[in-house]
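> structure for this input, please:
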Amino acid sequence: MDHVRAGRRCAAGPTHSERGVLFDSHCHLTDERLRPDADAVVERARAAGVERLVTVGADAEDWDDVVALAERHDGVYAAAGVHPHIADHATAEVLGRLRELARHPRVVALGEAGLDFHYDLSPRAAQRRAFAVQLALAAELALPLIVHSREADDETADVLRADGRHVRGVLHCFSGGRALLDEALAAGWYVSFSGIVTFAKYEGADLVRAVPADRLLIETDSPYLAPVPVRGKRNEPAFVRHVAEGVARLRGQTLEEVAALTRRNADTFYGLAA
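Here you go, the predicted structure:
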């Protein structure tokens with residue numbers, strides 16, 4: 001009988017425990033592309049072995065929705081902040097709301113904050129101010145900070161060098177260079193990789209390998225950046241397994257090893273019970 005059960009497991013594919021239980025450390029379930037069926041997206045993630053995820057509200061208009069979604073689902077947590085694209089929204093009133101929201105038990109981080117000099121959708125001075133005030137708030141409230149940095153390596157590194165050690169932070173969807181990576185690691189920060197690592201033209205394999213095992217996170221950043229083999233589709237947390245597989249290939253590890261260590265690291269980063 002045991003061999004029959006084993007045969008059935010093989011025919012159906014590996015179980016979650018055999019494949020590894022996953023944590024999508026960064027997604028956007030209230031983005032307009034995921035919002036209409038966000039609850040179903042969560043259920044598909046769970047069916048794919050994604051035990052926990054953090055959905056990020058990057059605008060004050062989104063905060064109540066990410067918290068409500070986290071309240072509806074076990075294993076779903078919220079982060080709230082002001083994205084650099086809308087840095088000029090970080091008014092005193094909005095930041096006061098953020099301070100209050102940070103007390104909610106389902107809010108596990110601030111952000112994403114940071115700098116984006118690729119699109120420059122907000123003036124750089126406004127981006128710098130919004131980043132600085134959210135970093136200071138994270139330090140004051142002892143909450144982790146999720147940081148977006150695109151084509152702003154030098155300035156982000158300067159911020160980390162000056163103030164990074166006062167905050168538990170992560171460079172999410174990392175696409176920077178070695179100097180920024182080294183500065184983040186020196187500050188004790190985590191580094192998270194997305195589906196970009198699965199793209200044929202990805203050139204950061206050495207950076208993926210350079211992150212210590214206890215500082216590594218994975219994410220989908222869904223609905224953006226769907227990984228191979230689902231590139232071109234709407235991304236969602238269920239696809240974080242493909243990110244884990246890509247990271248595992250680049251690091252010379254098994255999927256199970258990467259799933260386990262990134263799940264453990266995300267629990268530690270977000271202050272969640274294992």
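> could you point out where the stretch 1-150 of the chain is predicted with low confidence?
Applying pLDDT under 70 to the stretch 1-150 of the chain flags residues 1-20.
> and the longest strand for the chain?
Criterion DSSP state E: the longest strand present in the chain is strand 107-116.
> centre of the chain to that strand, how far?
Distance of strand 107-116 from the chain centroid (CA atoms, centre = their mean, to the nearest Å) equals 10 Å.
> right, and the helix or strand after it?
helix 124-141 (DSSP states H and E).
> residues contacting that following helix, please?
Applying CB atoms under 8 Å, 6 or more residues apart in numbering, the contact partners of helix 124-141 are 81-82, 84, 87-88, 90, 95, 98-99, 102, 109-111, 113-117, 122, 143-145, 147, 155, 159, 163, 166-167, 169. Every C-beta, even on glycine, is put in place using the N, C-alpha and C of the backbone.
> quick check: buried residues in it?
Of all the residues in helix 124-141, those buried under the rule 16 or more other CB atoms under 10 Å are Ala126, Gln127, Arg128, Ala130, Phe131, Val133, Gln134, Leu135, Leu137, Ala138, Ala139.
> could you do stretch 86-97 as well?
Buried residues in stretch 86-97, defined by neighbour count with 16+ other CB under 10 Å: Ile86, Ala87, His89, Ala90, Val94, Leu95.
> I'd like to know how far the third one sits from Gln134.
Counting by CB to CB, to the nearest Å, the gap from His89 to Gln134 is 12 Å.
> repeat that for the first one.
Taking CB to CB as the measure, Ile86 and Gln134 are separated by 12 Å.
> surely Ala109 meets Leu272?
No. With contact defined as CB atoms under 8 Å, Ala109 does not count as touching Leu272 (10.7 Å).
> who's in contact with Ala238?
Val41, Arg44, Ala45, Ala47, Ala48, Val50.
> mind pulling up the pLDDT for it?
Ala238 is assigned 98 on the pLDDT scale.
> now do the residue nearest to it when sequence neighbours are not counted against Leu216, distance only.
Take Ala238 and drop its neighbours on the chain: the residue closest to it by CB to CB, 6 or more residues apart in numbering is Ala48, 3.9 Å away. Ala48 sits 20 Å away from Leu216, taking CB to CB as the criterion.
> check Val82 too.
Val82 sits at a distance of 27 Å from Leu216 (criterion: CB to CB).
> now Asp267
Computed as CB to CB, the Asp267 to Leu216 distance reads 13 Å.
> of those two, who's got more company?
Leu216 (20 against 15; other CB atoms under 10 Å).
> what about the helices in the stretch 51-200 of the chain?
Taking DSSP state H, counting those that start in this stretch, the helices of the stretch 51-200 of the chain run over residues 60-72, 92-101, 124-141, 153-163, 178-186.
> what angle sits between the longest one and strand 107-116?
Between the axis of helix 124-141 and that of strand 107-116 there is an angle of 150 degrees, by axes from the mean of the first three to the mean of the last three CA atoms, to 10 degrees.
> if we can go back for a sec, among the helices of the stretch 51-200 of the chain, which is nearest Glu236?
helix 60-72 (13.5 Å; CB to CB).
> how many degrees apart are that closest one and strand 107-116 in direction?
Between helix 60-72 and strand 107-116, the angle comes out at 150 degrees (the same axes, to 10 degrees).
> now distance to Thr220 too, for the buried residues of helix 124-141, in a markdown table please.
Converted to a markdown table, the buried residues of helix 124-141 look like this (distance: CB to CB, whole Å):
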| residue | distance to Thr220 |
| --- | --- |
| Ala126 | 28 |
| Gln127 | 24 |
| Arg128 | 28 |
| Ala130 | 24 |
| Phe131 | 23 |
| Val133 | 28 |
| Gln134 | 23 |
| Leu135 | 25 |
| Leu137 | 26 |
| Ala138 | 23 |
| Ala139 | 28 |
